[in-house]
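S.K.: dropping a prediction and its sequence here:
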Amino acid sequence: MKSKLVTIGIPAFREPLIGRCLKSILAERGVRKEVIVITPDKVTADIARGFRGVRVILERERRGKPAAVNDIISIARGEVIVLTDADMFVKSGSLKRLISHFADKRVSVVCARPVNVNHAGMFGFFGDMLYDIVHKQRLSGAAHLSTNLCAFRNGAVKSIPLEALVDDYVIGVLAQKSGRFVYEPGAVVYAKFPSNASDFIKQRVRTFAGYMQVKEWFGDSSRSFASEAKGVSSVLFYIKSPKHLFWIVILVLLRVFAWAKAFITYRFLKKDLKTVWAPAESTKR
């Protein structure tokens, strides 16, 4: 029997490592797939065009990730749509694990497990700890989607708002209206955590502003400054030395600063998507 077609979509912008991502996806055997890369920059497009079997769409201008996601959804021929990021790469066998859950008709969306590859120094410690905390939350039932690597049934999400700051959160909310959320920790995507304070703040400001946006759009958000403050105790398990304690104090200060900046940026300055969505360059090298 012919296997079901899976659409793998990769929205990309200034992604020199997209070749590594595509190699990991194309190497996956036993999955009948179409791979679509959407990007507004020619350098990224030219790299992607070097891979056989990849459809590359070069946008006329940078419209933002939500617009690219919507284009992928609109042209996808697969029964399941998989999204991943161009600066990451997928562990062998992960696509099979993701899509296997759709044999259950009640399932509408599946989330993979992001794993940090940058273990050096303070920011490496932050990445290992924060990814592990989210992993444990999902194992405990938290239905938080990550488009680092995820899959949803074609038709479960028609489109997402063009101004969405946390596309993964919005996709997760919409997809769960038609079925169950599943976390598949055996499907692993390798991600590089920011290696400096500037890039860390850029990522967090966009994410935290997105949580405020989700609450405004959907009336509720399971993630907020208050919920984060309550969860501070979860980091205590990771303190193995005085150095770790010092680093965690710095992490708390950085996140408080990012929450404050996100509040000002979103609530008062009302910055647009392109302004808030600043690339974290250290994750792309």
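M.R.: Thanks, I have the structure now. Numbers count the residues shown, from 1 in each chain.

S.K.: please determine how far the closest residue to Ala76 other than its chain neighbours is located from Leu83.
M.R.: Leaving aside its sequence neighbours, Ala76 sits nearest to Thr7 (CB to CB, 6 or more residues apart in numbering; 3.8 Å). Just so you know, the C-beta spots here come from the backbone N, C-alpha and C atoms, and that holds for glycine as well. As for Thr7, its distance to Leu83 is 9 Å (criterion: CB to CB, to the nearest Å).

S.K.: Ile36 too?
M.R.: 10 Å.

S.K.: which residues do the two both contact?
M.R.: With CB atoms under 8 Å, 6 or more residues apart in numbering applied, the overlap between the contact sets of Ile36 and Leu83 consists of Ile8, Gly9, Ile10, Ile72.

S.K.: could you find the closest non-adjacent residue to the last one?
M.R.: Once its chain neighbours are removed from consideration, Ile72 has its nearest residue in Gly9; the separation is 3.4 Å (CB to CB, 6+ apart).

S.K.: helix, strand or coil for the one you found?
M.R.: Three-state secondary structure (criterion: DSSP: H, G, I helix; E, B strand; the rest coil) places Gly9 in strand.

S.K.: burial of it, as a residue count?
M.R.: Summarising burial for Gly9: neighbours were counted as other CB atoms under 10 Å, giving 23.

S.K.: likewise for Arg180?
M.R.: Using other CB under 10 Å, the number of residues around Arg180 comes to 15.

S.K.: need phi/psi at it.
M.R.: The main-chain torsion angles of Arg180 are listed as degrees, to the nearest 10 and equal phi -90, psi 150.

S.K.: just list the residues touching it, thanks.
M.R.: Arg180 is in contact with Asp104, Arg106, Val107, Ser108, Val109, counting by CB under 8 Å, 6+ apart.

S.K.: hmm, try it at 6 Å
M.R.: Contacts for Arg180 (CB atoms under 6 Å, 6 or more residues apart in numbering) come out as Arg106, Val107.

S.K.: how close does it get to Ile160?
M.R.: Applying CB to CB, the value for Arg180 to Ile160 is 20 Å.

S.K.: kindly report the same for Gly172.
M.R.: 11 Å.

S.K.: repeat for Leu58
M.R.: The gap separating Leu58 from Ile160 is 22 Å, by CB to CB.

S.K.: which of those two has more neighbours?
M.R.: In terms of neighbours (other CB under 10 Å), Ile160 is the more surrounded of Leu58 and Ile160; the figures are 21 against 15.

S.K.: so, low pLDDT: which residues of the chain?
M.R.: 1-2, 221-222, 230, 271-277, 285 (pLDDT under 70).

S.K.: all strands of it, in order?
M.R.: Along the chain, counting by DSSP state E, strands occupy 6-11, 33-39, 54-58, 80-84, 89-90, 107-116, 149-153, 180-191.

S.K.: buried residues, stretch 35-52. List them.
M.R.: When neighbours are counted by 16 or more other CB atoms under 10 Å, the buried residues of stretch 35-52 are found to be Val35, Ile36, Val37, Ile38, Thr39, Pro40, Thr44, Ala45, Ile47, Ala48, Phe51.

S.K.: run a quick neighbour tally on Lys240.
M.R.: 9.

S.K.: which residues does Val188 bridge with?
M.R.: Beta-bridge partners for Val188, by DSSP bridges, are Arg113.

S.K.: thinking it is in contact with Asn116, fair?
M.R.: No: at 11.1 Å, Val188 and Asn116 do not qualify as touching, with contact defined as CB atoms under 6 Å.

S.K.: wait, isn't Met122 in contact with Trp247?
M.R.: Yes: in this structure Met122 lies within contact range of Trp247 using CB under 6 Å: 4.9 Å.
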